[in-house]
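Asker: model this:
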Amino acid sequence: AVSSSSVYNNCCLWSGKELNAVVDSMKDTMKESKYHKNFVVLTLMMPMFRVALRLIGQSDAPAPQQDNLTNAFGETFSEGDNAGKYAT
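Answerer: Presented below is the predicted three-dimensional model:
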């Protein structure tokens, strides 16, 4: 039952169901998984749960810093470096 709930939550997340409902369902599934000591399902659900939280803006992960941006050629730029550079 826990595995079916995990697959259902994953499908709901990627099909575009309302994210608040998906997060609530994921919380219930993870609680049930902990109760039954099914840590494999819990481990597989954690990244998807973090993605869902990030999409609704409730993630506890810090926002990425963009002070120094590096392009594919290894050149590092600050945000102030490009001010007015491409203005016409």
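Asker: setting aside sequence neighbours, what's the nearest residue to L55?
Answerer: Nearest non-adjacent residue to L55, counting by CB to CB, 6 or more residues apart in numbering: L19, 5.7 Å away. No exception for glycine: its C-beta is placed from N, CA and C like everyone else's.
Asker: pull the contacting residues for that neighbour.
Answerer: Taking CB atoms under 8 Å, 6 or more residues apart in numbering, we find L19 in contact with 13, 52, 55-56.
Asker: for PyMOL, what selects the buried ones among the residues you listed?
Answerer: Buried subset of these, written as a PyMOL selection, criterion 16 or more other CB atoms under 10 Å:
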select buried, resi 13+52
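Asker: could the contacts of L19 go into CSV alongside secondary structure?
Answerer: Compiled in CSV, these are given as follows (DSSP: H, G, I helix; E, B strand; the rest coil):
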residue, secondary structure
L13, helix
A52, helix
L55, helix
I56, helix
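Asker: now do the strands in this protein.
Answerer: Applying DSSP state E to the chain gives strands spanning 68-70, 76-78.
Asker: would you check how far apart the residue lying closest to T29 once chain neighbours are set aside and F73 are?
Answerer: Distances taken as CB to CB, 6+ apart place S5 nearest to T29, at 4.2 Å, with adjacent residues excluded. Using CB to CB, to the nearest Å, we find S5 at a distance of 46 Å from F73.
Asker: do the same with A1
Answerer: Counting by CB to CB, the gap from A1 to F73 is 52 Å.
Asker: look at those two and report which has more neighbours.
Answerer: Ranked by neighbour count (other CB atoms under 10 Å), A1 and F73 place A1 first, with 9 against 5.
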